[in-house]
Structures are given as C-alpha cells and as structure tokens.
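K.L.:
Dropping the sequence and predicted coords here.
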Amino acid sequence: MITLHTQRLIMRRWLPGDLQPMAAVNADPEVMRWIGSGATRSLTQTASGISSWEQEWDIEGFGLFAVELRASGELAGFVGLSVPHFLPEVLPAVEIGWRLGRPYWGRGIATEAARAALDYGFRERGLERIISIAQRGNDASERIMRKLGMRLDRETVDPTCGRTVRVYVIDAPGCASG
C-alpha cells in the first residue's frame, strides 16, 4: 500500500473511518463552491466517491490520497492524482487536485501534500506531464498551482457544468516543456 510522509502529513489510501470526516468536507458549501456546479455532496455520494477513488488506485496505480495530519490523526481532505474524464479535451492526462476542509485552509497543507503527490507521479509512476484544473475565480487553487511551478496552459469550459476552467501544466524534471 502506498503511503507518503511529509513533515506534517501522512498521505495514504482510504480507510472506513475516513467517510464521516470526508462527508463533512463535501457538505460544506464554501468548500464545494469551486467544484463542478458547486453542489454539496451527501454521505452516500461521498461513499461512492471514495469507492471510485480507490478503484482508480487499483486501475491506474495512482489516485487521491487521504491526507491525515501527523500530529493529531485528523483527516484534512484529499490531495492526489486522477484522470480528468470530465474534461475530455485534455485527455490523455493526469491531473493533480486537492480538496481540504476549511479548518485546514491557509496553512500550506495543500501545497505540502501536492508537492509530495507530484514527486510520486513523476518519480514513482514515470509521468512526464501533470495538469491541474481550477475554475476561473478560484484564486487560492491557482496560487497553489503557481507555487508548485505550474504554468497556465489554456482556458476552456467544463462541459459537465458550463463553468470556465483554467488548465495548468508542469513537466517532469528533465522533460522538455511544450
């Protein structure tokens, strides 16, 4: 089982005890504001999401890590890699993304975890390029993307909800950028 450790975090596969705290993250309208249509998700929808994320791990060899604080054991949310099927124009691609509960915002947790996930994608999975997608207006996520060294590639529309998104890219160290 893949587990990553950073200074403050444990990034791991999903456990049954993660359902309730992740459902609380998904039920917060402010957290979900920039995800798809902005709708919150129920406990059942969260359980289905976690199941899908675990299937992606089994199929792709990468996925969304449950992000746990080392000091307290609290689940902060997720950070990791996935295939962005919702945006066919960027495929084939692997996206890095994150979703943390509000108590964990502004503490550098998403950036710390995303750096570890990028390193995993490039070094362990041999990916040559990773993208990240944020809805226009989600300035906090775009700041994280720039901190990670990503550059804006394009602006387009998410066909699942009609919202404008920005696609950022980063190439593996040593790979030529396009």
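P.N.:
Sure thing, it's come through. Numbering: from 1, shown residues only.

K.L.:
Walking through the protein, point out its helices one by one.
P.N.:
In the chain, the helices defined using DSSP state H lie at 19-26, 29-32, 43-60, 109-119, 139-147.

K.L.:
from those, which stretch is densest packed?
P.N.:
helix 109-119 (a mean of 21; mean count of other C-beta atoms under 10 Å). Yep, even glycine has a C-beta here, placed from its N, CA and C like the rest.

K.L.:
for the record, mean pLDDT for that one?
P.N.:
For helix 109-119, the per-residue pLDDT values average out at 98.

K.L.:
mind checking how far that helix is from the chain centre?
P.N.:
9 Å (C-alpha atoms, centre = their mean, to the nearest Å).

K.L.:
tilt between that helix and helix 139-147?
P.N.:
Angle, helix 109-119 to helix 139-147, by axes from the mean of the first three to the mean of the last three C-alpha atoms, to 10 degrees: 40 degrees.

K.L.:
Where does the prediction get shaky in the protein?
P.N.:
Applying pLDDT under 70 to the chain flags residues 176-178.

K.L.:
hang on, Ile144 packs against Ala110?
P.N.:
Yes. With contact defined as C-beta atoms under 8 Å, Ile144 counts as touching Ala110 (5.4 Å).

K.L.:
Pull up the overlap in contacts between those two.
P.N.:
Listed as contacting both Ile144 and Ala110 by C-beta atoms under 8 Å, 6 or more residues apart in numbering are Trp98.

K.L.:
Alright, calling it a day.
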